[in-house]
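[1] when you get a sec, could you give me coordinates for this:
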Amino acid sequence: MDRPLRLIYCVFGLVTFCQASIIPCKDDDTKCLVSTANDIYPKIMSGDASIGAEILDPVWIDEIDGSVTILKYKFERCTVAGYKKCNITSLRIDAHNSKLKLNLMCPEVNLSGFYDINGRLIILPVQGNGNFSIDAYSYNINIDATYKIVKTDDRKEYITIKNFNFDANAEKGAKFQFDNLFNGRKDLADSVLKFANENSKEVLQEFQRPILSITYKIFIKNIYKFLKAMPMDNIFKQIYPKLHSFTCVRASLTPPTPCKADDTNCMMTIGKSVYKQVLTGDKSIGAERLEPMKFDEIDGGLTMLKFKMTDTTISGYEKCDMKDLKHDNAKMSFAMKITCPHLEVVGTYDMDGRLIVLPVQGKGKFSIIMDSYDLSLTVTYKIVKDDGGKEHLSIKTYQAEAEPIKGVKYEFQNLFNGKQDLANSVHKFANENWKEVTLQFQGPIIAATFKKLIKNTNKFLKAMPMDKVFL
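    Alright, predicted model coming up:
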């Protein structure tokens, strides 16, 4: 498969996919292209906390300004859902002109939120504000995109999407529901809704472009983050020889007994030992102590929720237990699973936006207490030479996922400038819906945490030549 074609796969893929797990396809092998794209698509929708890529289903949007020629509308506090169930039905690539054409078929896409509308809906006058929902069925989406290769100041090449265009239609129609049209005048409201639902395809065409424009900008932003995480020289480089045995080392201690690559029990023993060393740190190689883990600032700028955490401390990682560790020689990667019985995050917060469905605002002290927290981490590594010509391992990319298992307790002091009734509502919602809230909230925290862990790990690896690590 030629180089431009591989770039296209990276537009739709993850860091790990871009390195070794893409199935080679000829540029005219449509069946192969579609199959590979459908394998990768769910990964993009799931996001990647380690690089700040958000979950894309559902998507939360603060505001959509839909001012068109004869109709002015504004949607606020919107949720878009259903894209994770879409299927890529066609993918065509023009490698010579750096272009691609993509078709998605989505069984059902839903948009809901608050509306304010005034103007004409094709032929009928319409006016009102309130809650709304739009359901599109058998939603057929076509996307045309071009890409380019850019070179940064560090002289590394990255792929970026240059521009894109789209169109969409609901092959099985759409259902519209707008509460409080004409300030509650049911006769007028019923006439508009009847017209809209009987002519749903035409009405959706009138409405949808501003909605799709902002939704796909969010999607493209996520894809940019995946692309930015992988320089081209990390994608296209020689494959190092397979490594047939493995051992981990501590910078200041005698290396443990080497393990065979397929000896899971031996590798688990070494992995647990190294994990504790990474948390303990080592001043002689500049590796900081990570229990507790301290952060001057964590910036949590999400789509619907902006928050900043300062003077933050995370404790409890020293009690975590590594449950699984696998090494893949061919892909030069490790995959591990870690369970933490108890984690605490404390510090100072400044927050404004929406916590899923509730408005939230305030600043002050906070604490987040998590009981039973599962972590999954996949890393790929490379081999580098130091000034003396000795080879060392270095973690190249990583992908982290986290899931709360038993419960999370949130406490934010001084919400809404001390208005207790509003604060109580937010705390009640957050603590009753702890899993959903944590999955929305945790991305920037997880990203900051693993950035420190990987930095420490690479300092240990830099201190130990490969001939002390691998037989």
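
[2] can you give me the distance of the residue lying farthest from the centre of the chain to G281?
    The C-alpha centroid of the chain is most remote from D187, which lies 45.2 Å away (Cα atoms, centre = their mean). D187 sits 72 Å away from G281, going by Cβ to Cβ, to the nearest Å. For every residue, glycine as well, the C-beta is placed using N, CA and C.

[3] could you pull out the helices for the stretch 301-450 of the chain?
    Applying DSSP state H, counting those that start in this stretch to the stretch 301-450 of the chain gives helices spanning 420-432, 434-441, 443-462.

[4] the last one packs against which elements?
    What that stands for is helix 443-462. Counting contacts by 3 or more Cβ pairs under 8 Å, 6 or more residues apart in numbering; DSSP states H and E, helix 443-462 packs against helix 264-280, strand 293-301, strand 305-315, strand 391-412.

[5] where in the stretch 101-250 of the chain is pLDDT low?
    Scanning the stretch 101-250 of the chain for pLDDT under 70 picks out 152-155, 229-250.

[6] regarding the chain, what is its longest helix?
    Scanning the chain for the longest helix, with DSSP state H as the assignment, gives helix 200-228.

[7] what are the buried residues along it?
    200, 203-208, 210-212, 214-216, 219-220, 222-224, 226-227 (16 or more other Cβ atoms under 10 Å).

[8] what do you get for stretch 36-48?
    Buried residues in stretch 36-48, defined by neighbour count with 16+ other Cβ under 10 Å: 36-37, 39-41, 43-48.

[9] and I64, which of the three is it?
    At I64, secondary structure determined by DSSP: H, G, I helix; E, B strand; the rest coil is strand.

[10] flag whichever of the helices and strands packed on helix 443-462 has the least confidence on average.
    Of all the helices and strands packed on helix 443-462, helix 264-280 carries the lowest average pLDDT, namely a mean of 81.

[11] report the buried residues of that helix.
    266-275, 277-279.

[12] now stretch 398-413
    398-402, 404, 408, 410, 412.

[13] ok, what's across the strand from R354?
    P359 (DSSP bridges).

[14] what about it, neighbour count?
    20 (other Cβ atoms under 10 Å).

[15] do the same with the one 4 residues further on
    Other residues near L358 come to 16 when the count uses other Cβ under 10 Å.

[16] next one: K151
    Other residues close to K151 by other Cβ under 10 Å number 11.

[17] for G301, see how far away it is.
    When K151 is compared with G301 (using Cβ to Cβ), they lie 27 Å apart.

[18] pLDDT (mean, whole number) over the strand or helix carrying I44?
    For I44, the element it lies in under DSSP states H and E is helix 30-46. Average pLDDT, helix 30-46: 78.

[19] now do it and helix 200-228, the angle between them.
    Put simply, helix 30-46 runs at 80 degrees to helix 200-228, going by axes from the mean of the first three to the mean of the last three Cα atoms, to 10 degrees.

[20] state the pair within the buried residues of stretch 36-48 that is farthest apart.
    T36 and G47 (20.0 Å; Cβ to Cβ).

[21] can I get the buried residues of helix 264-280 in JSON lines with distance to Q420?
    Shown next, in JSON lines, are the buried residues of helix 264-280 (distance: Cβ to Cβ, whole Å):
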{"residue": "C266", "distance to Q420": "56"}
{"residue": "M267", "distance to Q420": "53"}
{"residue": "M268", "distance to Q420": "49"}
{"residue": "T269", "distance to Q420": "52"}
{"residue": "I270", "distance to Q420": "52"}
{"residue": "G271", "distance to Q420": "47"}
{"residue": "K272", "distance to Q420": "46"}
{"residue": "S273", "distance to Q420": "49"}
{"residue": "V274", "distance to Q420": "48"}
{"residue": "Y275", "distance to Q420": "43"}
{"residue": "Q277", "distance to Q420": "46"}
{"residue": "V278", "distance to Q420": "43"}
{"residue": "L279", "distance to Q420": "39"}
